[in-house]
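Student: Below are the sequence and a predicted model for it; my questions follow.
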Amino acid sequence: MLIDINLLPQKERKRRFPVYIAIASIALTIIGTAFLLIHTNLSQQKLENLTTELDMKKEFRLQQETAMNSIQSSDGLQELQTAVQWAEEYPIDTVPVLEHLTALLPERGFFKSFNYTEEGMINLNVQFDTSRQAAYFLNDLKSSKWIGEAKLTSVETSQGETAGDTIVLPEDKVMPRYLGQYEISLNQAVIKNELQADNEGGDE
C-alpha cells in the first residue's frame, strides 16, 4: 500500500505573500517620500533663486532710476545756472541808462557822443559851459548807485566853428565850450534789480 506524502510547505508560501506586499508598500512609500522631499527642495531652491533674481532686478532698476534722476537734476541745475548767468550778463536796455545819465547833467550839459557796450561799459563825450560842470558831473556819476566806476579821462576846450560850439556874449566876446570824455562802468546788478522792482510795481 502506497502512502502520498506532500512535503512542500504550501501554507507557508501563502503566509509570506502579504509580507512581500507590505515590504513593497514600505519601499514605495520611502521612495515616494524621498522623491517628494527632493522635488520640494528643488522647488524651494528654484523659488529662492527667482526671489534673489527679482530682488537684484529691483535693486538694479532702482539704481538706474536714481542715476537718471540725478542726471536730470544735474541737467536742470545746469540749465538754471545758465539762465541766471545769461540774465546777469544780458545787456541793460539803453533807454533807462540814458535817461538816468541825462538826469545827472547840469542845465546846459549836452551829450556829444554815447557809446554803450554789452559789457556794461560806456564811453561818453559831454559838452559843458565850464570846466567845473565837468567835475560836478563826475562827482554825480560816482554818487549814483547805477554807476560802478566813473573816470574823467580828458577835458578839452572847443573853439568850434558853429554857433552851437560857443557862447556869444553881448560884447562880441566868445566863451569856449568844454568837452569832457568819460569812461563809465555800470553796476548792472543794481540797475536790473531796480528796473525789475519798478516793473513789478507798475504791474500791481
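Tutor: Everything's here; your move.

Student: Helix or strand next in line after the host helix or strand of Leu47, which one?
Tutor: Counting by DSSP states H and E, the element that carries Leu47 is helix 10-89. Later in the chain than helix 10-89, the nearest helix or strand by DSSP H and E is helix 94-104.

Student: Where do the domain boundaries of this structure fall?
Tutor: The record's domain parsing of the chain by automatic domain parsing lists 12-90, 94-203.

Student: Throw those into TSV and include mean pLDDT, thanks.
Tutor: Putting the domains of the chain into TSV (pLDDT from 0 to 100) gives the following:
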stretch	mean pLDDT
domain 12-90	72
domain 94-203	83
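
Student: Now render the ones you listed as a markdown table, adding mean neighbour count.
Tutor: Any C-beta I mention is one placed from the backbone N, CA and C, and that applies to glycine too. Putting the domains of the chain into a markdown table (neighbours: other CB atoms under 10 Å) gives the following:
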| stretch | mean neighbour count |
| --- | --- |
| domain 12-90 | 10 |
| domain 94-203 | 14 |
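
Student: Just say helix, strand or coil for Ile191.
Tutor: Classification of Ile191 using DSSP: H, G, I helix; E, B strand; the rest coil returns helix.

Student: And it, how close does it get to Glu149?
Tutor: Per CB to CB, to the nearest Å, Ile191 is found 14 Å from Glu149.

Student: now do Val155
Tutor: The gap separating Val155 from Glu149 is 18 Å, by CB to CB.

Student: Against Asn187, how distant is Lys145?
Tutor: As defined by CB to CB, Lys145 lies at a distance of 7 Å from Asn187.

Student: just Ser25 next, same as before
Tutor: On the measure of CB to CB, Ser25 and Asn187 end up 104 Å apart.

Student: repeat for Glu65
Tutor: Note on Glu65: its distance to Asn187, by CB to CB, is 46 Å.

Student: Also Tyr178?
Tutor: Tyr178 is 27 Å from Asn187, by CB to CB.

Student: can you check Gln45 too?
Tutor: Taken as CB to CB, the span from Gln45 to Asn187 is 75 Å.

Student: Can you say which helix or strand has Val155 in it?
Tutor: Using DSSP H and E, Val155 falls within strand 147-158.

Student: hmm, who's touching that strand?
Tutor: 120, 127, 131, 134-135, 138, 141-142, 165-166, 176-187 (CB atoms under 8 Å, 6 or more residues apart in numbering).

Student: what about Ile92, how many neighbours?
Tutor: Ile92 has 16 neighbours, counted by other CB atoms under 10 Å.

Student: That one reaches Asn193, doesn't it?
Tutor: No. Counting by CB atoms under 8 Å, Ile92 stays clear of Asn193, with 11.2 Å between them.
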